[in-house]
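J.: The following comprises the amino acid sequence and a computationally predicted model.
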Amino acid sequence: MNKFIKFCLDKDLQGFLDQYQAPEGEVAFAKNIPATEANHRIIKMIAKTVPLRRRYRGHSKPWYDRPGAFVHKKWADTIALYPKTEYGPNGYTWLGEKVN
């Protein structure tokens, strides 16, 4: 994650992101965040500072047969956070920094 953005985040939010940090080499900056109402509120606070995309992850349920690469927010088990990238002449960038 961009050091400036991390600096701008509240210490509690930094601790939250450190708890769910994605492995090195991943595009995501946080993974395997449990999809609870409290975590949704925390992610909403982070999104006010950090441009991000949420991706919901989970397994099919007996009552919910999901498509291969999609889980609806309502049925998600976990959440992954990705930088909201822009495409320009230098390829994909996030806040001016090149992304893999």
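T.: All right, it came through fine.
J.: Next up, the contacts around the residue nearest the centre of the chain.
T.: Centroid-nearest residue in the chain: Leu81, 0.6 Å away (criterion: CA atoms, centre = their mean). Applying CB atoms under 8 Å, 6 or more residues apart in numbering, we find Leu81 in contact with Ala28, Phe29, Ala30, Lys31, Ile33, Ile43, Ile46, Leu52, Arg53, Arg54, Arg55. (C-beta placed from N, C-alpha, C; glycine too.)
J.: Keep only those of those that are in helices.
T.: Ile43, Ile46 (DSSP state H).
J.: that older thread, partner residues bridging the residue nearest to the centre of the chain?
T.: Judged by DSSP bridges, the bridge partners of Leu81 are Ala30, Arg54.
J.: what's the answer for Gln21, then?
T.: According to DSSP bridges, beta-bridge pairing links Gln21 with Ala30.
J.: Would you confirm that it contacts Ala30?
T.: Yes - with contact defined as CB atoms under 8 Å, Gln21 counts as touching Ala30 (6.4 Å).
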